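Student: Just the structure for this:
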Amino acid sequence: MTRIIVKSTLALVLTLGTLVSWSQSGSSKSLVAPADVLQTQSASSQQFESLANMWENKVRADQSNANAWLNWFDAARFSHFQNKLKVRSEGEKMQLEAIVAQMAESIPESSQLHYARFLLNPFAQESFSDLETAYQSRTMGQQQLELDYISYLKLTGQQAELKKQLVGLKAKELFNSVEMEYNHNVLISVPKNGIVLTHGNSDTFPLLIWQEVEGLREDVKVVNIEWLQNENYRAELFSEFGVEPPSGELNNIYNWASAMVKNSGDRPLTFALTIPPTFLQQHQGQLHCTGLVFVIQDEYSPKELLKNWDDFKLDHFTDAKGLNANYQVPLYLLNQYFKQHGPERKLEDLEKYKAHFPELFKAGR
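Tutor: Next comes the predicted model:
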């Protein structure tokens, strides 16, 4: 079997350390006041703490400002996420619960209050009533609320309404041409009848648009790992694949996702490159790149990567910004392969894309 001479794809990822993950995939779009939204989607926990302090001060100045309340809650929520893993301590949960309790006194029955209640336990079955109320009573554009509502429709099997919402989402062009093209290529990268685990907005909803609206790769099952917080969806998924659920302290989305690694049945299990490297590291040695996903398999051949790259749309791969930064992984592997095995023209074809990553390909790498 032909092999690419590189330690492992995962080792490469951890060395690069620049993959665009959840925090750069639109998750911070949930901050709602249009004039005051975050300017960067990759802010550190310290930056979010500063934002939380700012929004708290705005709340103290005007306790009827519902947007300020939600922005305070959201900034506090994001400040707790460490190393791109969405996990918080009991003390941090209590802090968020205290903010919500104050919201209930100052802005009762507001859309923002119900949405904050949902976000305390996102996608838990008991939280859906708050999500529905928040969505139906919304008074301003809340992009993240709309996306969470689409997730709710997906999890509860409301197919007709889901497709309607996705058609509307496509028409709004919330996800730009770069993000849409990138996710087209993600679907192309997944083996037939495969499962792809995702982690954010820009690596999930464009996939659903491609599938539900455009009819592309409907054989692929898209699973955002945050959806695993819904016990009914998780139970159905685990039953389908014969997964033994972890228990006790291991009962969180990352360990639920890890449980799927062991029991994906006959369907190939893949991870989007946007999954945090700190989580992927747990499965080092099992992950192999087939384009813009890692597939779980023991043996690796570059055959799928070579074919998938040829089927990619690359009209908007004109820089290394945002999600496009993740192309460095397949590019590196393709470059290694064509240097070892040719043909020379294929190596030359990569040059215009390699130019976006001068540090990675310096000194003739």
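Student: which stretches of this protein have low pLDDT?
Tutor: Flagging of the chain using pLDDT under 70 yields the residue ranges 1-44, 81-88, 140-141, 247-251, 264-265, 363-365.
Student: tell me the domain ranges of it?
Tutor: 9-21+175-364, 33-140 (automatic domain parsing).
Student: Quick one: the ones you listed as a markdown table, columns for distance to Gln159 and mean neighbour count too.
Tutor: Every residue, glycine included, has its C-beta placed from N, CA and C. Listed next are these as a markdown table, based on distance: least, C-beta to C-beta, whole Å; neighbours: other C-beta atoms under 10 Å:
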| stretch | distance to Gln159 | mean neighbour count |
| --- | --- | --- |
| domain 9-21+175-364 | 8 | 18 |
| domain 33-140 | 17 | 17 |
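Student: How far away from the center of its chain is whatever helix or strand Ala68 lives in?
Tutor: Taking DSSP states H and E as the definition, one finds Ala68 inside helix 66-79. Offset of helix 66-79 from its chain centre (C-alpha atoms, centre = their mean, to the nearest Å): 21 Å.
Student: re earlier: could the domains of the chain go into JSON lines alongside distance to Leu155?
Tutor: Shown next, in JSON lines, are the domains of the chain (distance: least, C-beta to C-beta, whole Å):
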{"stretch": "domain 9-21+175-364", "distance to Leu155": "5"}
{"stretch": "domain 33-140", "distance to Leu155": "7"}
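Student: List the contacts of Thr156.
Tutor: Phe128 (C-beta atoms under 8 Å, 6 or more residues apart in numbering).
Student: So Phe271, which state does it fall into?
Tutor: Secondary structure, DSSP: H, G, I helix; E, B strand; the rest coil: Phe271 is strand.
Student: thinking again about what came up before, elements contacting the helix holding Ala68?
Tutor: With contacts taken as 3 or more C-beta pairs under 8 Å, 6 or more residues apart in numbering; DSSP states H and E, helix 66-79 sits against helix 45-61, helix 90-106, helix 111-120.
Student: One more pass at 10 Å, please.
Tutor: helix 45-61, helix 90-106, helix 111-120, helix 143-155 (3 or more C-beta pairs under 10 Å, 6 or more residues apart in numbering; DSSP states H and E).
Student: Can I get these in a markdown table including distance to Glu351?
Tutor: As requested, those are exported to a markdown table (distance: least, C-beta to C-beta, whole Å):
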| stretch | distance to Glu351 |
| --- | --- |
| helix 45-61 | 37 |
| helix 90-106 | 48 |
| helix 111-120 | 46 |
| helix 143-155 | 38 |
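Student: of all the ones you listed, which lies closest to Trp72?
Tutor: Nearest to Trp72 among the helices and strands packed on helix 66-79 is helix 45-61 (3.7 Å), distances taken as C-beta to C-beta.
Student: Between helix 66-79 and that closest one, find me the angle.
Tutor: Here helix 45-61 runs at an angle of 160 degrees relative to helix 66-79 (axes from the mean of the first three to the mean of the last three C-alpha atoms, to 10 degrees).
Student: could you give the angle of helix 45-61 to helix 90-106?
Tutor: Using the same axes, to 10 degrees: helix 45-61 against helix 90-106 is 20 degrees.
Student: Report the distance from helix 45-61 to the chain centre.
Tutor: Counting by C-alpha atoms, centre = their mean, helix 45-61 is centred 25 Å from the centre of its parent chain.
Student: How about stretch 288-308?
Tutor: Distance, centroid of stretch 288-308 to centroid of chain: 20 Å (C-alpha atoms, centre = their mean).
Student: same check, this time on stretch 287-296
Tutor: 16 Å.
Student: Pull it out as PDB, backbone CA atoms only.
Tutor: Taking Å, rounded to 0.1, in the frame of the first residue of the first chain, the C-alpha atoms of stretch 287-296 are listed here in PDB:
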ATOM      1  CA  LEU A 287      -7.100   9.800  12.300                       C
ATOM      2  CA  HIS A 288      -6.200  10.100   8.600                       C
ATOM      3  CA  CYS A 289      -6.900  13.000   6.300                       C
ATOM      4  CA  THR A 290      -9.200  12.500   3.300                       C
ATOM      5  CA  GLY A 291      -9.400  16.200   2.400                       C
ATOM      6  CA  LEU A 292     -11.200  18.500   4.900                       C
ATOM      7  CA  VAL A 293     -12.000  15.700   7.400                       C
ATOM      8  CA  PHE A 294     -10.200  13.100   9.400                       C
ATOM      9  CA  VAL A 295     -11.500   9.600   9.000                       C
ATOM     10  CA  ILE A 296     -11.200   7.000  11.700                       C
END
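Student: quick revisit: so which of the domains of the chain comes closest to Lys154?
Tutor: With C-beta to C-beta as the measure, domain 9-21+175-364 is the member of the domains of the chain nearest Lys154 (7.1 Å).
Student: From the chain's centroid, how far away is that closest one?
Tutor: 11 Å.
Student: cool, and stretch 167-178?
Tutor: Offset of stretch 167-178 from its chain centre (C-alpha atoms, centre = their mean): 17 Å.
Student: what's in contact with that stretch?
Tutor: With contacts defined as C-beta atoms under 10 Å, 6 or more residues apart in numbering, stretch 167-178 is touched by 26, 29, 141, 143, 146-147, 150, 180, 182-183, 201-202, 205-206, 208-210, 212-214, 315-319, 321-324.
Student: among these, which are in helices?
Tutor: Among those, the residues falling in helices (DSSP state H) are 143, 146-147, 150, 180, 182-183, 205-206, 208.
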